[in-house]
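Q: fold the stuff below for me.
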Amino acid sequence: MLSDAVRIHLAEELAVAERERVAIDKLVDRYPDIDVVDAYEIQLINIRRRLAEGAEVVGHKVGLSSKAMQQMMGVDEPDYGHLLADMEVYEERPVEADRYLFPRVEVEVGFVLGADLPGEDCTEADVLAATVAYAPAIELIDSRIKDWNIGLCDTISDNASSAGFVLGRARVAPEDIDIKAIDAVLTRNGEVVAEGRSDAVLGDPVIAVAWLARKVASFGVRLRAGDIVLPGSCTRAIDARPGDVFSAEFAGLGSVRLQFT
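A: This next block holds a predicted model:
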């Protein structure tokens, strides 16, 4: 476990890397004793700093929500990061790729909560009862670690490699669609680059959201009405380049678009 001083130092390194768009060396190589508790505390140091500067938490994202990614990272549960209001991007406004270091996009079924979720005792039934709608979503991920060469504690410290998100216009009530059987296709500049299905996320994205509610409760956080939750990607991540136009089509759930300049 790291000292508070080292945690603060590493949080500042990540903040500067994001602000100045200059990637830093892998944390887990430089600090072999870093653990998951350290990593979440480093993440929270930067989130608290941004909140003090006027940012607003509008939700959370779940990462490492596929078994393949968990096996690659050597873990048996997902991780999570915060979604802030200033991270939201929009279909009708092109995003400047040079705002980021190594941007990639992921296809997700977003959850819009209409009621608060319980904490430590949250169940999948609680998630379904509290979800007012699903929405087509693209998460914009990025790494402040050089070349995406990351371990588990690197990505957790780095807000679970989150950088932005966009929601499509459609909203579908949970009772109107099978959340485990939504096919998704991602195109880049009109060419199909990734395909997947919503059950790639732990077999059921609802499981990921219930896990998240329980996990954040251990840090004194609750998922609230109005929050957006991104439960994990249906497809592999795809690199984003200047000029790329992405479109994600979801069976029964509409589409979402993201353009880079």
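Q: point out where the chain drops to low pLDDT.
A: Scanning the chain for pLDDT under 70 picks out 68-73, 75-76.
Q: let's go with 80 and repeat that
A: Counting by pLDDT under 80, the chain shows low-confidence ranges at 66-77.
Q: what ranges do the helices span in it?
A: Secondary structure of the chain (DSSP state H): helices at 4-20, 27-30, 36-52, 67-73, 124-130, 152-157, 205-217.
Q: mind checking how far the shortest one is from the chain centre?
A: Okay, so that is helix 27-30. Counting by C-alpha atoms, centre = their mean, to the nearest Å, helix 27-30 is centred 22 Å from the centre of its parent chain.
Q: among the helices of the chain, which comes closest to residue 86?
A: Closest approach to residue 86 among the helices of the chain is made by helix 36-52 (8.2 Å; C-beta to C-beta). (C-beta placed from N, C-alpha, C; glycine too.)
Q: most packed of the helices of the chain?
A: Mean neighbours per residue, mean count of other C-beta atoms under 10 Å, is largest over the helices of the chain for helix 152-157, with a mean of 26.
Q: who touches that helix?
A: Residues from elsewhere that reach helix 152-157 (C-beta atoms under 8 Å, 6 or more residues apart in numbering): 10-11, 14, 26-28, 34-36, 38-40, 42-43, 63-64, 73-75, 79, 81, 143, 145, 161.
Q: also stretch 249-261?
A: Counting by C-beta under 8 Å, 6+ apart, residues outside stretch 249-261 touching it are 89, 91, 94-97, 103, 105, 107, 109, 134-138, 140, 166-170, 172, 177, 182-185, 187, 240-248.
Q: again, only using 6 Å
A: 91, 94-97, 136, 138, 166, 168, 170, 172, 177, 182-185, 240, 242, 244-248 (C-beta atoms under 6 Å, 6 or more residues apart in numbering).
Q: also stretch 78-96?
A: Stretch 78-96 is contacted by residues 47, 55-65, 156, 159-160, 162, 164, 166, 212, 257, 259-261 when judged by C-beta under 6 Å, 6+ apart.
Q: next, the buried residues of that stretch.
A: Across stretch 78-96, burial judged by 16 or more other C-beta atoms under 10 Å covers 78-84, 87, 89, 91, 95.
Q: so the residue most central in space within the chain versus residue 6, what's the distance?
A: By C-alpha atoms, centre = their mean, the mean C-alpha position of the chain lies nearest to residue 61, the distance being 3.5 Å. Using C-beta to C-beta, to the nearest Å, residue 61 is found at 26 Å from residue 6.
Q: same question, residue 178
A: 47 Å.
Q: same thing with residue 103?
A: On the measure of C-beta to C-beta, residue 103 and residue 6 end up 29 Å apart.
Q: and residue 65, by the same measure?
A: Residue 65 sits 29 Å away from residue 6, going by C-beta to C-beta.
Q: cool, and residue 207?
A: Residue 207 is 34 Å from residue 6, by C-beta to C-beta.
Q: one more: residue 140?
A: Residue 140 is 29 Å from residue 6, by C-beta to C-beta.
Q: do the same with residue 239
A: Separation of residue 239 from residue 6 (C-beta to C-beta): 32 Å.
Q: same check on residue 108?
A: From residue 108 to residue 6 the distance is 33 Å (C-beta to C-beta).
Q: from the contacts of stretch 78-96, keep the buried residues only.
A: 47, 55, 58-65, 156, 159-160, 162, 164, 166, 212, 257, 259-260.
Q: looking at those residues, which are in strands?
A: 58-63, 162, 164, 166, 257, 259 (DSSP state E).
Q: just the closest of these to residue 151, please.
A: Using C-beta to C-beta, those come closest to residue 151 at residue 63, 13.0 Å.
Q: quick check: closest non-adjacent residue to that closest one.
A: residue 160 (4.3 Å; C-beta to C-beta, 6 or more residues apart in numbering).
Q: tell me the contacts of that neighbour?
A: Each residue near residue 160 by C-beta under 6 Å, 6+ apart is listed here: 63, 79-81.
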